[in-house]
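Undergrad: A structural model of the following input is requested.
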Amino acid sequence: QVQLTESGGGLVQDGGSLRLSCAISGRTFSRALAWFRQAPGKEREFVAGISGGGASLKGYADSVKGRSTISRDNTKNTVYLQMNSLKPEDTAVYYCAVGRSMVFATTPDYDYWGQGTQVTVSS
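TA: Modelled structure (predicted):
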């Protein structure tokens with residue numbers, strides 16, 4: 001059983017930065033990892049993904065491109081999301097997820113999910 005635990009969320013001012021972490025139990029080297037978010041009343045949406053198997057190819061939603069960086073440390077079984085220049089519209093619960101293959105998907109077709117961490121950006 002794979003378990004994911006997010007941390008690093010919180011309250012930050014407009015223009016601020018946060019680094020989210022997701023510790024994963026179990027081996028996920030060959031699997032893609034991703035971050036999604038869900039704001040109240042909205043569907044869960046893709047934020048960033050990183051491929052598995054050592055290639056570490058990355059992809060981002062247009063809404064966060066240029067402001068966010070996803071990375072993974074396979075020795076620590078951890079995936080990170082560095083978010084800069086945060087905006088009030090980034091406010092959401094952020095979830096990390098383990099993919100079904102090496103390739104990350106932009107739809108929520110993932111095998112395992114964390115419980116989420118709240119990010120609130122004040123204006």
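Undergrad: ok now stretch 21-36, how far from the chain's centre?
TA: Relative to its parent chain, stretch 21-36 has a centroid offset of 10 Å by CA atoms, centre = their mean, to the nearest Å.
Undergrad: I'd say Gln38 and Pro108 touch.
TA: No - counting by CB atoms under 8 Å, Gln38 does not reach Pro108; the two are 9.5 Å apart. Every C-beta, even on glycine, is put in place using the N, C-alpha and C of the backbone.
Undergrad: nearest residue to the most centrally placed residue in the chain in space, ignoring adjacent ones along the chain?
TA: Among the residues of the chain, the one closest to the centroid is Trp35, at 2.2 Å (CA atoms, centre = their mean). Nearest residue to Trp35 in three dimensions, chain neighbours excluded: Val47, at 4.3 Å (CB to CB, 6 or more residues apart in numbering).
Undergrad: cool, thanks, signing off.
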